[in-house]
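Peer 1: the following block contains a protein sequence and its predicted model.
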Amino acid sequence: MKRLTHLPTLKIDTSKKISVYYRSKTHTGWYGDTIATLLYADGIRVFGRSLKYHRPRGLYSLDGECSNTMMAVDGRPNVRAETTMAADGMHIAAQNVQGTSEKPVESTPEKDWMGFMDHLSWAMPAGFYYRIFHKPEKLWPIAVSRIRKAAGVGVLTSGYTVKGRYDEIYPATDVCVVGGGPAGMEAALSAADKGLRVILMESRPWLGGFYDYRTSLDADGVPLYRKANAMAERIAGYPNIRVFKNAPVVGVYGNSMVTAFQRGGRDRPFEQRYIEIQTRSIVVAAGCIERPLLFENNERPGVMQMGCAHRLARTWGILPGRRAVFSIGHDLGLEAAIDLADLGMKVVHVADVREDGQDQRLLDELKKRDIPFSRGWTAIKAGGKRNIEKVTIGTVNGMRRREFSCDTLAASAGLTPVTGPLATAGAKLEYHHLTGFFLPVKLPDNVYAAGRLLGLNDPASVEASGRLNGLRAAAACGVRVDSELKAAEAETSVLPGPVRNSKMVTAPVKNQKMFICFDEDTTVKNVDQAMDRGFDVPELIKRFTAAGTGPGQGGVPGHNLPLYVAQRGDSPDVDPRPITVRPPLTPVLLATYAGRNHDMHKRTPVHESQSASDGRMDRAGVWLRARYFSDDRRSRREIENVRGNVGVLDASTLGKFRIFGNDALKALQRVYIGDMNRVREHRMTYAAMCNDDGCLIDDGVIVKQAENDYYFTTSTGRSGATIEWIRYHTRYENLDFHMVNLTDAFGVINLAGPNSRNVLQKIADVDISNEAFPFMGYREFTINDIIPVRAMRLGFVGELSYELHVPSSYMQAVWDLLEKAGKSFKIKKFGLEAQNTLRLEKCHVIIGSESEQRTTLCDLGLGFLWCKSKPEANTVGSVALRQTENQSGRLKLVGFKMKNGLERPPKDGSPIVDSRIRGYVCTARFSFTLNEPIGMALVEDSYAKPGSVFGIYENGCKGRLIRAEVVKTPFYDPTGERMKS
Amino acid sequence: MSRTITCPVCGRRNGYEFRFGGEDKGPRPEEEGMSPEKWFEYTHLNDCKAGIRKEWWFHRDGCGVWFTIFRDTASNREVVRPPERELEAVP
Amino acid sequence: MAHKTKRLWKYQPLKSSYDAVIIGGGLHGLATAYFLAKKHGLSNVAVIEKRYIGFGGAGRNTAIVRANQRTQENLPLYREALQLWPVLTKELDFNLMFHNCGNLNLFHSEAAMKAARLNTASGQFHGIKSHLIDAEECKRMVPALDISDRPRYPILGAMYHPPGGIVRHDAVVWGLAKGASKHGAHIHQGTEVTGIEVYKGKVAGVHTDKGKIKTPRVLNAAGAYSADISSRLLGAKLPISVLTIQAMVTQPLKPLLNHVVSSGAYHCYANQTLKGEIATGAHMDPWPNYTNETTAHYIKHQAEALTEFLPCLAGVKFMRIWGGLADMTPDMAPIIDGNEPVEGYYIDCGWGYFGFKSSTVTGKYMARYMAEGRCPEILKPFALSRFKEHRLMGETAALVNYTPDN
């Protein structure tokens, strides 16, 4: 096709060719072509097939409101051909054409063998699937697989990977303007003139809105497209206006956040990027799209919106066809007809649903060109199989009809405002009788609406509305603009206000295929059927007929559905109610939402050396920690080395805190279940926190540093919530204390095993003999004269061991010194799995492993930590502990060994059963130290006494239980000699 | 910043910086003589009022302070302290 | 095929007295009404719905059904619930579209594997099919999964639960409404309950904005509004927090996921609806509220999570996100009780985000409870008193973290 290349409104660069592949042919267009315009210019009319009836579908709008022109591009399904720029070498395929995926040659969009489905529509009334397929029952599973195959648009292969870079940015601004048309640009300029930071969002690749393709003149005789260019140039001169083009807004969240995405590719360093804007005020000037006209075959290729026909020619230099009929309801349609006629298209007839209200100048121009015009007429039917060949128009009352042969029908019932950004922001929309629009009656604070979406049409009014609301948005940011606001208000008050729009919904045809929703093949008849069944709310009709739930969401049916429902409803006096609009306002690729998807985690100060020495790093909450240092999943050598020699573990993830101040002790008394009065200097106290159900939530050790100054540790998982917790439980009392989270400031080394003293003594600057530094002792000393260490003698793994708290920056140095000092002792690293078995042998509890939501401190056998004689402290958990202390039927923590000589431990998590479930195995391991399997379990109290035997029901055991006996704990070194020695 | 909370120290900030801390139920009751019913009420029972109420928030990713605000659960927005007359209805 | 068009449920004037009044035209309310009318001869029943039936959680959930819970209190209930879908499809003569595709619950850590073992074995003990599979088997079942070491949380395996799947949630609402109406129950949409009348310690009636109703029995099945209603109209507070839970769908695709896939580590589940959309969700913002607001934060989070373990989904688009309300209890198990604090007052709430899969079976037993006045065994564990006794249910092992008091 020969394209128009001389137009000043073109957005294509005819010096740069672009070639794409479609159906094993190369199609060539120009830089600036979208996939849709490139293919259209090359004669492609059928872009795909519809979901249910496999009807041919073509180019209908140019902003991607429906799935008609969704195509597969380079393996990615559902690409909007209308808004995706063509790029060299793209492989494009049509969708939902039977055979495209499996048998690519048999069907084409033009000739789809599933096209017969269109003749079966009588068998598929609204909700038909609820009433059939389940009789007989056996039919249903077969039907399911058929339904699944028939449903869905586009094929995604499970091996698909996105290419290119997906980015994300988080700009902040004072005023965010949604929509880069005349109103939006004026709003941006007037706010920017006040010195505010402005972000201007435009979904098309250029600014200009409904000006950019129009040559008609404004009041001063300037063509609108030139005006748009001039405004865009002015904007470019403002350093405080940041413009995002090709960036559809996907959601407005309250009055302070706008999210969007920007299409990149080609000459940008990203494919797409997610944009999340923090703003102080928002102006929505998103303009209007067209409200589809409902008539028979209203979605046949060749039928397109008036703006689509007009912009194809003006922006891309493509005449939509040779002979066109127009059936419109807005002056923009008249303008399009005149302009297209001037550009060389034969306009055979213009039907306007409006009886009156047309701009006389436009009517004169039609007359001048001998274009026949009829008022109160509308398209009734489009004829033609793959592309229209003829059109029947008639009077809106259905009395008279005429038929024309043509290849293009520009059809549109009128306009509909793009209020999605307002709706998602929380604006209240109501039906407006003059315009027939759903217009905002209440806007959230700091959110403003401007321009055409308010029903304005006159260019001067639209621009003034932009200026006014830009000023309002500036005022919302605290700028004094009183006099200018007054002037702007005065200006708008004398300009034309909102205009009346056509309210016709359906052409006077009955029982024919008029599609209210293209994506879901929902006809007006389907809506009738739903209403007959008792669905009277648009939202329910949506659910029953699927209208508006397809890829284009409400883009096509959003306005017509509520209008139609109100027209047909039982109470004609009830105003139509808008259907809910939900983000994303334009569908967004998951790749774009995911963005860079940074993996956020914490590493300990010795992470590098741990992983370098074969440590398998696993996630532990927010951290990465070494679980094993060999391929042995039971960590035998690591365990044996701790028991018989000396091992070293990185425990830096432990929570570490300082609390100090006049009321520090009081705060501790509130949250620790024990008596904190007894915490001393130079000596560690083991302490636990419960919640108000008595459930153990944290344990650790605490030492007094000075009067009302304490250092304490928490479990790894709990460290993030510790300050919050302590402050929460003292929040009413205004206590005077301060807390410092030292978790990241200190690394922790656990040096454990009978040789650990010998190793540590080699590098410690003080005497650490058992007398000088006994079990549960706390000492501060230096290593190598310079490294300050907080050392504790604790026994989590049940051996002589030291917990060294070392400033993080010195961690690796101390670690290396210990490894060097321990070399002659064959010191070995050990990981979490070894520690898990070691502490299991001592029956030391790990919270979350041996405890759960149902278990109290006493249930875990840790009741000795509870000080009952401090009621004045109002300790968190003590009331619940008292109330549950002697309750029967609770789960209790026990140690068990296997019966019948079984040499393997049961799997963790296996239920304990008799006639019902009585508990479950928490942790069970083979103990190399004891040479037998051991475990801990939570069981009902009736099984908790030593000597009780219970059955364990393992996954897949088919009822064959293994038996275990409750034994006294701990399993290893019950008197604690080894820890204390 | 779709939802914001005003911290008394840091000002109006993104809601995700904060942790919700429950309806304002008043100071912790005395432990002595506490009945299971009263304790249940204090620890677990909520008014679940659809409307304005006073509640606790914690500035977790900020200054680390617990404070109270008024929030309308029907709109999910923080509101300024309601007038005294309406306040009486706020538990 | 001729389709005689008939209303699915009838319009009825509000009567001045009913044998039972059910507050809430969601699934639990409609199911109870249906079973009261059909099984217990109590057809003089009214369902009072403030907006339209299925407005709340019933129409907002993602319709996953399963019986792979953790505790023996829950397992039998959900097992029976699964068995009911085909039965009800037949009984109601309405295709509820139970797609028995099975659920794949991925685990990414040893701790999660332990949890999966407990759930699987507990299910097996109760005659419910579930088994553990390794990562390779996961990949065979769902080829789109990335089982390499690349993801943040590599997949170690999964609990596979064949009896589960998805159901068309709206169909259940409409089917139950149709059935209840057929057996004589009245459904009053657009009607708000404004008061519960108590006389001498017994329920005497219900006040609505359309008039007063005399009744000896009231069921509070108002979903997220249950606690507000209970507290406001009867002064009976509940241990509930009402949170918004969000879900979203991608544009429809040809079949890609043949099973429901979920992952605790990623806080994410995904399944493909019969229409072809990938429905996904799971996250809740811990802010009690009564809006259905969605957040930018969450749709982004969901894309980040999904594209980690199902990387091909990076190539599809989210087209719709919505929110619904979940009435969360401290132990993620519901509150089902009766004749407390007044005779004739029943509650069925606190379902959080499990209300869909449990709806029909709970309705069945709730109807028996209301008809006979005695709590059926299967519902007894869910009594409110468990919280007072500090006997939480244990449906979740971990402490739930949407309230500050834990």
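Peer 2: Everything's here; your move.

Peer 1: do stretch C:67-79 and chain A meet at all?
Peer 2: Yes. Counting by C-beta under 8 Å from any C-beta of the partner chain, chain A is contacted by stretch C:67-79 at C:71-72. Bear in mind the C-beta positions are built from the backbone N, C-alpha and C, glycine included.

Peer 1: hey, where'd the strands end up in the stretch 1-150 of chain C?
Peer 2: Ranges of strands in the stretch 1-150 of chain C, per DSSP state E, counting those that start in this stretch, are C:20-23, C:45-48, C:64-65, C:103-107, C:131-134.

Peer 1: quick one: which of these is nearest chain B?
Peer 2: strand C:20-23 (14.6 Å; C-beta to the nearest C-beta).

Peer 1: residue nearest the centroid of chain B?
Peer 2: The residue lying closest to the centre of chain B (C-alpha atoms, centre = their mean) is B:E55, at 0.9 Å.

Peer 1: report the buried residues of the helix or strand where that residue lies.
Peer 2: Using DSSP states H and E, the element containing B:E55 is strand B:52-58. Applying a neighbour-count criterion of 16 or more other C-beta atoms under 10 Å in any protein chain shown, one finds B:52-58 buried in strand B:52-58.

Peer 1: in space, what's closest to the closest residue to chain A within chain C - neighbours in sequence excluded?
Peer 2: Relative to chain A, the nearest point of chain C is C:G276 (2.7 Å; C-beta to the nearest C-beta). Excluding the flanking residues, the one nearest C:G276 by C-beta to C-beta, 6 or more residues apart in numbering or on different chains is A:G152, at 2.7 Å.

Peer 1: ramachandran coordinates for the one you found?
Peer 2: phi 80, psi 150 (degrees, to the nearest 10).

Peer 1: do the same with A:T545
Peer 2: Per degrees, to the nearest 10, the backbone of A:T545 is at phi -100, psi -10.

Peer 1: give me the neighbour count for it.
Peer 2: 28 (other C-beta atoms under 10 Å in any protein chain shown).

Peer 1: my guess is it meets A:G127, correct?
Peer 2: Yes. The criterion here is C-beta atoms under 8 Å, and A:T545 meets it with A:G127 at 7.3 Å.

Peer 1: what do these two both touch?
Peer 2: A:529-530 (C-beta atoms under 8 Å, 6 or more residues apart in numbering or on different chains).

Peer 1: check contacts around C:L306.
Peer 2: C:L306 makes contacts with A:590, A:594, C:266, C:268, C:270, C:278, C:280, C:313, as judged by C-beta under 8 Å, 6+ apart.

Peer 1: give me the beta-bridge partners of the fifth one?
Peer 2: When bridges are assigned using DSSP bridges, the partners listed for C:A270 are C:V261, C:T280.

Peer 1: wait, it touches C:N258, no?
Peer 2: No. Applying C-beta under 8 Å, one finds C:A270 not in contact with C:N258, separated by 11.9 Å.

Peer 1: more neighbours: which of those two?
Peer 2: C:A270 (28 against 18).

Peer 1: about what we covered before: thinking the residue nearest to C:G276 is in contact with C:K254, fair?
Peer 2: Yes. Assessed by C-beta under 8 Å, A:G152 is found in contact with C:K254 at 4.3 Å.

Peer 1: between these two, which is the more surrounded one?
Peer 2: Just comparing A:G152 and C:K254: by other C-beta under 10 Å the higher neighbour count belongs to A:G152, 26 against 20.

Peer 1: please name the nearest non-neighbouring residue to C:H40.
Peer 2: C:H40 sits nearest to C:A371 (C-beta to C-beta, 6+ apart), 3.8 Å away.

Peer 1: phi first, then psi, for that neighbour.
Peer 2: Dihedral pair for C:A371: phi -70, psi -40, per degrees, to the nearest 10.

Peer 1: mind listing what it touches?
Peer 2: So C:A371 contacts C:36, C:40-42 (C-beta under 8 Å, 6+ apart).

Peer 1: now do A:G951
Peer 2: Counting by C-beta under 8 Å, 6+ apart, A:G951 touches A:912-914, A:961-963.

Peer 1: give the bridge partners for it, please.
Peer 2: A:V913, A:R963.

Peer 1: from A:V966, how far out is it?
Peer 2: For A:G951, the distance to A:V966 equals 13 Å [C-beta to C-beta, to the nearest Å].

Peer 1: which pLDDT value goes with the residue of chain A most remote from its centre?
Peer 2: What lies farthest from the middle of chain A is A:E771; by C-alpha atoms, centre = their mean that is 60.0 Å. The confidence metric pLDDT takes the value 96 at A:E771.

Peer 1: and what of the one 10 residues further on?
Peer 2: At A:F781, the predicted lDDT confidence score is 97.

Peer 1: give me the spatial nearest neighbour of it, chain neighbours excluded.
Peer 2: Of all residues beyond its chain neighbours, the one nearest A:F781 is A:V766 (4.3 Å), with distances taken as C-beta to C-beta, 6+ apart.

Peer 1: what's the neighbour count on the one you found?
Peer 2: Neighbour count for A:V766, taken as other C-beta under 10 Å: 15.

Peer 1: SS state for it?
Peer 2: Recorded secondary structure, A:V766: coil (DSSP: H, G, I helix; E, B strand; the rest coil).

Peer 1: now do the domain split for the chain, please.
Peer 2: Just going to use chain A. In terms of domains, chain A is parsed into A:13-130, A:166-288+A:417-494, A:295-412, A:515-591, A:607-652+A:745-839, A:655-741, A:888-981 (source: automatic domain parsing).

Peer 1: look at chain C instead
Peer 2: According to automatic domain parsing, the ranges for chain C are C:20-61+C:169-239+C:331-388, C:103-162+C:241-328.

Peer 1: nearest to A:L409, of those?
Peer 2: Nearest to A:L409, of all those, is domain C:103-162+C:241-328, at 27.9 Å by C-beta to C-beta.

Peer 1: the strand holding B:E55 - contacts with which helices or strands?
Peer 2: helix A:722-728, strand B:19-23, strand B:66-72 (3 or more C-beta pairs under 8 Å, 6 or more residues apart in numbering or on different chains; DSSP states H and E).

Peer 1: returning to what we had before: roughly how far does the residue nearest to C:G276 sit from chain B?
Peer 2: Distance, A:G152 to chain B, by C-beta to the nearest C-beta, to the nearest Å: 32 Å.

Peer 1: so what's in contact with A:G152 and C:K254 at the same time?
Peer 2: Contact criterion C-beta under 8 Å, 6+ apart; residues shared by A:G152 and C:K254: C:G276.

Peer 1: tell me which parts of the stretch 101-250 of chain C are close to chain A?
Peer 2: Taking C-beta under 8 Å from any C-beta as the contact definition, the stretch 101-250 of chain C meets chain A at C:109-111, C:113-118, C:120-122, C:124-125, C:131-132, C:142-144, C:152-153, C:168, C:170-171, C:174-175, C:250.

Peer 1: weed out the non-buried ones from those.
Peer 2: Buried among these by 16+ other C-beta under 10 Å: C:109-111, C:113-118, C:120-122, C:124-125, C:131-132, C:142, C:144, C:152-153, C:168, C:170-171, C:174-175, C:250.

Peer 1: I am finished for the moment; much appreciated.
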